[in-house]
Structures are given as C-alpha cells and as structure tokens.
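Trainee: whatever this is, show me its structure:
(one chain, ligands or ions: 1)
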Amino acid sequence: MKPVKVGLLGLGTVGGGTATVLKRNAEEIARRAGRGIEIDFIATLEPERAVELGVKDIRLTQDANEVVNDPNIDIIVELIGGYSPAKELVLQAIENGKHVVTANKALIAIHGDEIFAKAQEKGVVVAFEAAVAGGIPIIKALREGLAANSVEWLAGIINGTGNFILSEMREKGRDFDDVLAEAQALGYAEADPTFDVEGIDAAHKLSILSSIAFGVPLQFDKTYTEGISKITQEDVAYAEELGYRIKHLGVARRTATGIEQRVHPTLIPKGRLIANVNGVMNAVLVKGDAVGATLYYGAGAGDEATASAVIADIIDVTRTLTTDPENRVPHLAFQPSELADTPIVGMDSVETAFYLRLSAKNEAGVLAEVTRILGDENISIEAFIQKESKQAGENVTIILLTHRVNEGDMNKALAQIEALSVIQGDVMRIRVEELS
Ligand code: HSE
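Mentor: Okay, here's the model as predicted:
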C-alpha cells in the first residue's frame, strides 16, 4: 500500500520532534500503522530549521495554504499554535477533505465545537491527543480506555511550566521570575507566559478533558481560572508545615447540580502520589465509578514527548482511513447527537476546604474577631499557626486551615475579615482538596 502523505504546518519545538521521531522510528511505525507514513510537505517561516534538523528531500514552503491545498497530502499536522491562522488553515484542510492532527489546545478549547461539526460534515477526523498533557495519552485513556465508566471527577497538573515553578520554589527556595525565565529558555512556556502562570493554558486543557469526561460541549469561557502568580515562598513553606503541597490543579467534578470546572492553586496532602509530581511533569487523576481512581503521569511538554502524542494520532488516523465516518471514535467521546446540556456550576456553590493567610496587628481580640466571623458563616477551623513577631508592634502572620465550606460563605466571611482595621491587605486563600 502506498505511504500516507503528511503535510506539516510549523517546524518549531514539536514540529522538529515530530520530524525526528517519524524518521527515526519509520520502520516500526509502518509495522504498527500497516503502511508507511511520510512527511511530504512542510510549511515553516524558518527554512534554516529544516537544515538544522537534517530534513532532506521534503518540499518546503513559507505559505501554509500551499500545504493545506496540496492534493497529494492526506493528513495535515497543525503545529503552529494560537488561534489564527491555525483555525482558518484547519477549517480549509477539513473543507479539502483532509484529516487533521493538532497539538493546539487553545484552538480546540475555543473553536473545537465548530471544528468538530465541520469535520463530522466532511467525514474527516480531527485528532488532538497532544493538546493535553503533552506525551501522556490521557485523551485516549478517557475517551476509549475508560469508556465503560461514569466519570465522577478528574484532577490534573496539566501545565508543566506552573508545576516547574512551584517545584523549584519549594525545593530550592528560588524566586518566581527566575524560574519562569528558565522554563521559557527550556521551551516549556507558552509564547505568552501569562497563559502558563495565570492558568489560561491549564483552563484550555481542562475544558477539553471535562467535555470528554462528561459528554458536554467545550466551555472554556465557563471555567473558573486562577493562576499561581500570587503564591509566595511563605505559602509554600506554611503548606509544607501543615502537611500539604501547593499544586496548580485543574479540577472537573460531576455534582448533583452540574459540573464543576475550575483551575486554581490547591493544597494537596503531601502523601498523595499527585502531590509528588514535580518539575515539568504532568499527571492526571481520574475517578471512574467502575475502575476507581487511576493516575496518568509523564512529560507534559518538550519536543519528542509531545511528538509521541502527535505521531500516535497520525497512526490512529492512518488506521481509520478505511473505516466509514459513522464507525469512528467520536471527537468528544460521546456521539455528537448525545452531548448533554448539563450546566457548569458557578464557583459560589463549589465546596472545598481552605488555607487562609492573614497579616494582622498583634493586639488583643484580633483572633477572637476573625474566628467569630468565620463561626458566624458556619466555617469551622481545622488547623491554626501563628508565628511570633520578631519586633514589638510588627504585624503577625496567621495561617488557618478550614473544614470544607461553601465558597459563597467563604467569600462573605473574607469580605468581613478584610474590612477589619486590624487586618492588613488581602487575605491569601488557597483551596484544599484531599483527592481521596
Ligand atoms: N506551556 C505548556 C506547559 C506547554 O507548560 O505545560 C505544553 O502544553
């Protein structure tokens, strides 16, 4: 059988990894796919990258439209990233009857519903394993491996840059900015680092996981998103003292009233496996009603690790070239006509425990006032730390760990506490998840 012809859009970190691994493992990949897979045409604005990567005998262009409109190409692999022109190119490829493989989480999270509808209409596949958690086959696991289950919840460390920063802050006492610069130099961070540190990248990935887990349309805009930029060295140390680690988690949970979809820093008990996932590594914990808790761990970014997921998709698409569109694995796991309109719930009704850090004047009655407010809002305290002040008249830091509480009640209590004249600045709050 003649080899499948791939058109590659982008020869950056992941594009380079894809070209390298496809070449290195060509023989074994052909044995798995049932036919050869060849990159036939590459669009890149940096032709010198091709020389650097030793790419020979492959057509090159600076105009991605030429690749998308080339009749010899069977599969378009979009590794440009971002919303535009990636969206236009992907839609044009689908219009031309080509299958698409992409690593673009922003594109799928925001425009996935439109792209999948168009792919359905044209009878082509859009595969996106590399969009979430780099090399970890989490889309495949959720969509196929766990297909028997009703998923109860999932929680993931799905941004390697954020995890790298928090790990370095904890292990080496390094500064936030210094670690971020290193992550950028290593090629882990997004072009715009606010996507990593403010949780947008994780929210893109979480909305994809949530859709596949619960059979609902993609709803990035309803994902509660909070980053790690306000976490201090002190918070990392106090969490440790209380027996927890701070991780930037994406959590999606099925509840009686809807689906929780939230990304925020979270205290996790130190002993949990996921609390020990460090550096740029990613991990996703999925709780299914039949299988129980399952954990998926691996590299969430990097050239060859992400290429591993891209090429697995290319092989999958190659295998399905001969199956009719109705009998393929649905893009969002559930048949398109069976997506549910279960609402994404507002944060006010979410229940978690909380870590609170307050800076207070060191005088009589302050603590009594704070605990009275918490008590009035039905918030019970689980643990408490107060460090003695080094100098007379200096503010003291108070750390409180609460029992599980409704977020709306916590917001009411914090507004009252922050209004007290003896409390300085905002109260730092980090949600706590036992993940048991
Ligand atoms: N910036 C992303 C991360 C890259 O740090 O996880 C992989 O999606």
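Trainee: for the rest of this, base every contact and every neighbour count on C-alpha atoms.
Mentor: Fine.
Trainee: if I pick the residue in the stretch 301-436 of the chain that the ligand sits nearest to, what's in contact with it?
Mentor: Closest to the ligand within the stretch 301-436 of the chain is residue 301: 4.4 Å, counting by C-alpha to the nearest ligand atom. By C-alpha atoms under 8 Å, 6 or more residues apart in numbering, the contact list for residue 301 reads 133, 134, 135, 160, 188, 280, 281.
Trainee: ok, for the second one, nearest residue in space, not its chain neighbours?
Mentor: On the basis of C-alpha to C-alpha, 6 or more residues apart in numbering, the spatially nearest residue to residue 134 that is not a chain neighbour turns out to be residue 300, at 4.0 Å.
Trainee: for the closest residue in space to residue 220 that isn't next to it in sequence, give its distance to residue 280.
Mentor: With C-alpha to C-alpha, 6+ apart as the criterion, residue 220 has its nearest non-adjacent residue at 5.3 Å, and that residue is residue 207. Residue 207 sits 21 Å away from residue 280, going by C-alpha to C-alpha, to the nearest Å.
Trainee: and for residue 30?
Mentor: 31 Å.
Trainee: please apply the same query to residue 166.
Mentor: 10 Å.
Trainee: between the two, which one's more packed in?
Mentor: Taking other C-alpha atoms under 10 Å, residue 166 and residue 280 do not tie; residue 166 has more neighbours (29 against 23).
Trainee: would you mind listing what in the stretch 1-150 of the chain touches the ligand?
Mentor: Neighbours of the ligand within the stretch 1-150 of the chain, by C-alpha under 6 Å from any ligand atom: residue 134.
Trainee: quick check: residue 39 is in a strand.
Mentor: Yes. Per DSSP: H, G, I helix; E, B strand; the rest coil, residue 39 lies within a strand segment.
Trainee: for residue 250, helix, strand, or coil?
Mentor: strand.
Trainee: beta partners of it?
Mentor: Note on residue 250: beta-bridge partners by DSSP bridges are residue 156, residue 263.
Trainee: ok, now the one 4 residues further on?
Mentor: Residue 254 has these beta-bridge partners by DSSP bridges: residue 259.
Trainee: what's around it, how many residues?
Mentor: With other C-alpha under 10 Å as criterion, residue 254 counts 20.
Trainee: from residue 8, how far off is it?
Mentor: 38 Å.
Trainee: and what of residue 144?
Mentor: Using C-alpha to C-alpha, residue 144 is found at 27 Å from residue 8.
Trainee: the two: which has the busier surroundings?
Mentor: When neighbours are counted by other C-alpha under 10 Å, residue 144 and residue 8 differ, and residue 8 comes out ahead with 28 against 13.
Trainee: who wins for neighbours among the contacts of residue 301?
Mentor: Result: residue 133 is most packed of the contacts of residue 301 (other C-alpha under 10 Å), 31 neighbours.
Trainee: residue contacts, the residue nearest to that residue when sequence neighbours are not counted?
Mentor: Spatial nearest neighbour of residue 133, excluding adjacent residues (C-alpha to C-alpha, 6+ apart): residue 300 at 4.4 Å. Residue 300 is in contact with 132, 133, 134, 135, 136, 158, 159, 160, 280, 281, 282, 306, counting by C-alpha under 8 Å, 6+ apart.
Trainee: hang on, the fourth one packs against residue 306?
Mentor: Just to be clear, that refers to residue 135. Yes. Applying C-alpha atoms under 8 Å, one finds residue 135 in contact with residue 306, separated by 4.7 Å.
Trainee: elements contacting the helix or strand of the chain with the lowest mean pLDDT?
Mentor: Sorting the helices and strands of the chain by mean pLDDT, DSSP states H and E puts helix 176-185 at the bottom, at a mean of 87. In this structure, helix 176-185 makes packing contacts with helix 160-172, judged by 3 or more C-alpha pairs under 8 Å, 6 or more residues apart in numbering; DSSP states H and E.
Trainee: run the angle between the helix it packs on and helix 176-185 for me.
Mentor: 130 degrees (axes from the mean of the first three to the mean of the last three C-alpha atoms, to 10 degrees).
Trainee: and helix 160-172, is it in reach of the ligand?
Mentor: Yes. Contact of helix 160-172 with the ligand (C-alpha under 6 Å from any ligand atom) involves 160, 161.
Trainee: picking up where we left off before, how about the contacts of residue 301 in JSON lines, adding pLDDT?
Mentor: As requested, the contacts of residue 301 are exported to JSON lines (pLDDT from 0 to 100):
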{"residue": "133", "pLDDT": "97"}
{"residue": "134", "pLDDT": "94"}
{"residue": "135", "pLDDT": "96"}
{"residue": "160", "pLDDT": "94"}
{"residue": "188", "pLDDT": "78"}
{"residue": "280", "pLDDT": "91"}
{"residue": "281", "pLDDT": "96"}
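Trainee: can you give me the helices in the stretch 101-250 of the chain?
Mentor: 105-122, 138-140, 160-172, 176-185, 194-197, 200-214, 233-241 (DSSP state H, counting those that start in this stretch).
Trainee: so of those helices, which one's packed in deepest?
Mentor: helix 200-214 (a mean of 27; mean count of other C-alpha atoms under 10 Å).
Trainee: for it, packing partners?
Mentor: Using 3+ C-alpha pairs under 8 Å, 6+ apart: helix 200-214 touches helix 105-122, helix 194-197, strand 224-225, strand 244-254, strand 259-269.
Trainee: which of the ones you listed sits closest to residue 324?
Mentor: For the helices and strands packed on helix 200-214, the distance to residue 324 is smallest for helix 105-122, at 11.4 Å, taking C-alpha to C-alpha.
Trainee: chain center to the closest one: distance?
Mentor: 18 Å (C-alpha atoms, centre = their mean, to the nearest Å).
Trainee: again with stretch 225-242
Mentor: The mean C-alpha position of stretch 225-242 is separated from the chain mean by 19 Å, C-alpha atoms, centre = their mean.
Trainee: residues touching residue 310, list them.
Mentor: So, once contact is read as C-alpha under 8 Å, 6+ apart, residue 310 ends up touching 18, 101, 102, 103, 128, 129, 130.
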